[in-house]
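Trainee: Build me a structure from this.
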Amino acid sequence: MSYAGRIIFKYSLLIAIFSLIWLVLEQIGGFQDDYIEWRYLVSKLEFIIPAVGLYYALREYRSMRISRYYFEKGFRMGFWITLYISLLKIPIIYFFYETINPDWPSSYMEYYKNEALKNGTSITVAMQEAMEHS
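Mentor: I've put the predicted structure just below:
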């Protein structure tokens, strides 16, 4: 495996692991049940993890000075890291919602249904919004 390949694999795995840690911290902090109304905003902060991971991956590759660093090489590396993260996060999210917090989808839908009833809006519209925000 080339040096660039090792960097791609290393940072893809690190970002996926930190994403799992983020989900666990959301669960511990109560943002998936007690403070579910704040989860939409808190979950957006998770985008910091891949941004920081990509930054450090590109910085490490650039510091090695194996070859000239071009935008194309950095873009290609970012593309592959993003692809691997996407593939790694599928089993991580499945594992989390099957073992650690299996009640999450039902509690999330219940929250939106209760909000719809409280606000006097349609429950089907609220469910559609819940699907868009999840």
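Trainee: In contact with Asp103, which residues?
Mentor: With contacts defined as CB atoms under 8 Å, 6 or more residues apart in numbering, Asp103 is in contact with Asp33. Heads up, the C-betas are built off the backbone N, CA and C, glycines and all.
Trainee: and what of Tyr84?
Mentor: Ile8, Phe9, Ser12.
Trainee: Any of the residues you listed buried? List them.
Mentor: Among the contacts of Tyr84, those buried by neighbour count (16 or more other CB atoms under 10 Å) are Ile8, Ser12.
Trainee: Keep only those of the contacts of Tyr84 that are in strands.
Mentor: Of the contacts of Tyr84, none are assigned to strands by DSSP state E.
Trainee: show me where pLDDT drops low in this protein?
Mentor: 65-67, 69, 130-134 (pLDDT under 70).
Trainee: Point out the other helices and strands that the lengthiest helix in the chain packs with.
Mentor: When the chain is parsed with DSSP state H, its longest helix is helix 3-29. Judged by 3 or more CB pairs under 8 Å, 6 or more residues apart in numbering; DSSP states H and E, the packing partners of helix 3-29 are helix 39-44, helix 48-64, helix 71-95.
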